[in-house]
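A.B. asks: Predicted model follows, preceded by the sequence.
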Amino acid sequence: MEFDLDLHMYRLLVSEPFFASISRNINKMPSTALPTAGVRINKDTMQYEMLYNPKFMASLSDDEKIGVLMHEFYHLIFDHVGMRLPEEGMTKMWNIATDLAINGLQGVINRIPKIACIPTQGPFKDYPAEQSADYYFERLKQDKEQKDKDKGDKGEGQPSDGNGDPSEGGGDPTDGEGGGSFDDHTGWGDVPDDVKAVAEERLKEIIKEAAGEASKSHNWGTVSADCRKQIMERLKSYVDWRKMLRYFIKATIRADKHSTIRRINKRYPRIHAGSKVTRLANIAISIDQSGSVGDEMLAAFFTELNELASLATFTVVPFDTRVDEKMVYVWKKGQRKVWERVMCGGTDFNAPTKYVNENDFDGHIVLTDMCAPKPIASKCKRMWMTTKENFDSPYFRTNEIVVAITPSGK
């Protein structure tokens, strides 16, 4: 029977509860399209996923399987797959640097298969363990520059001799064509920033949940104190809320498809009618009008919505403890509006949620300070936008996307 990683997951990660928690929320798919394993962002689902070659995984010992899983999840934890790329972009050297940053860590170095790039071992024996990807990246660049200088008249740009040049991954048994990275990094640089932003927020919630469980049980497995500190710092970072807002609106636009004899059916010309696709979106913007939501926050939000009105039509739903339907209005595509405050009471998120659930909306964005109890479930996709302070210390927790609005936009 073909190797199914999910069937072995609990047994493999029972001694690594932090990674076991992350694993529960990451989709794992078998694929023969890659030789080993890899993580990527799925552009359709806007979530991170892990791919693995069943034959490769089945060939490993249990310890090596754990090493591979931890390696892939560390790529996610340290954001090697997402927004954190050097100025040079996605390069082979950056791939090797990220692998070195992971494979020297406690819990990984003695488990990762020996075909990987491992600091203190093989062609990287002079590289110290437990350094950042940025450190290894600079070290690799320096070594390559020195090697090119030593070549003299061969100069920069000449092919590697494959005899153990760390900057090229030379000496790695998997280096059939000059590579050196253990796992598959295909597609890391091919994902739009707004898709990355959504995936990052979702991943951050997964890591936050795993860190909370590990802290509560006082059991992080082999995750070192330094790694824990880095993980907690990463959870404090913020995405560009404007990109998130744009992406949410674009992703919510639905396609209305209907038949028309005016278009030729490309598959069955003159037999079946063609079809016409119209891109539409009906999005509710629920704006918390309670006194605790500041004017600056409202003004910033309206400024961006004026730009986004070129993409879609909005229904603006002012609310405090209630929704007054007389104050609900449609912000038509292409219109510009001036921000205004029309209510100033308390806060009840059930009020706008019930209004949106009772009407036909494709998406729901809530601008609020989040200072009220968690509301009932939304029938459509819902996103929360709040202040940096309330993002850090929300009144309630949710698996939905929550984005901090900051003055700089980041």
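C.D. replies: Right, received. Where do you want to start? Values in this document were obtained by computation on a predicted structure and should not be read as measured data.
A.B. asks: For the stretch 1-150 of the chain, give me the ranges with low pLDDT.
C.D. replies: Applying pLDDT under 70 to the stretch 1-150 of the chain picks out residues 1, 82-86, 89.
A.B. asks: Helices along that one, start to end?
C.D. replies: 5-13, 17-24, 54-58, 62-77, 92-103, 133-151 (DSSP state H, counting those that start in this stretch).
A.B. asks: so which of these is the most packed in?
C.D. replies: Mean neighbour count (mean count of other C-beta atoms under 10 Å) peaks for helix 92-103 among the helices of the stretch 1-150 of the chain, with a mean of 25. All C-beta atoms are positioned from the backbone trio N, CA, C, and that covers glycine.
A.B. asks: what's it packed up against?
C.D. replies: helix 62-77, helix 133-151 (3 or more C-beta pairs under 8 Å, 6 or more residues apart in numbering; DSSP states H and E).
A.B. asks: okay, these in TSV with distance to I285 next?
C.D. replies: TSV is the format used below for the helices and strands packed on helix 92-103 (distance: least, C-beta to C-beta, whole Å):
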stretch	distance to I285
helix 62-77	32
helix 133-151	39
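A.B. asks: Among those, which comes closest to T387?
C.D. replies: helix 62-77 (26.4 Å; C-beta to C-beta).
A.B. asks: Which strands or helices does the closest one pack on?
C.D. replies: helix 5-13, helix 17-24, strand 37-42, strand 47-52, helix 92-103, helix 193-217.
A.B. asks: domain ranges for this protein?
C.D. replies: If you go by automatic domain parsing, the domain ranges for the chain are 5-234, 241-254+282-405.
A.B. asks: picking up where we left off before, dump the helices of the stretch 1-150 of the chain into CSV; add distance to P192 as well.
C.D. replies: Below are the helices of the stretch 1-150 of the chain laid out as CSV (distance: least, C-beta to C-beta, whole Å):
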stretch, distance to P192
helix 5-13, 29
helix 17-24, 24
helix 54-58, 30
helix 62-77, 18
helix 92-103, 19
helix 133-151, 22
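A.B. asks: To C117, which of the ones you listed lies closest?
C.D. replies: Of all the helices of the stretch 1-150 of the chain, helix 92-103 sits nearest to C117, with 4.6 Å by C-beta to C-beta.
A.B. asks: Distance from the chain centre to the closest one, please.
C.D. replies: How far helix 92-103 lies from its chain's middle: 19 Å, per C-alpha atoms, centre = their mean, to the nearest Å.
A.B. asks: Pull the number of nearby residues for E400.
C.D. replies: As a burial measure, E400 scores 16 neighbours (other C-beta atoms under 10 Å).
A.B. asks: Who are the contact partners of it?
C.D. replies: 378, 382-384 (C-beta atoms under 8 Å, 6 or more residues apart in numbering).
A.B. asks: Now it. Its backbone dihedrals?
C.D. replies: phi -80, psi 160 (degrees, to the nearest 10).
A.B. asks: buried subset of the contacts of E400?
C.D. replies: Among the contacts of E400, the ones that count as buried by 16 or more other C-beta atoms under 10 Å are 378, 382-384.
A.B. asks: how about the strands of the stretch 201-350 of the chain, start to end?
C.D. replies: Remark: strands assigned in the stretch 201-350 of the chain by DSSP state E, counting those that start in this stretch are 254-264, 273-280, 282-288, 313-319, 329-331.
A.B. asks: How about W331, nearest residue that isn't a chain neighbour?
C.D. replies: F314 (4.2 Å; C-beta to C-beta, 6 or more residues apart in numbering).
A.B. asks: Can you get me the start-to-end distance on stretch 287-305?
C.D. replies: 12 Å (C-alpha to C-alpha, to the nearest Å).
A.B. asks: Appreciated, that's everything.
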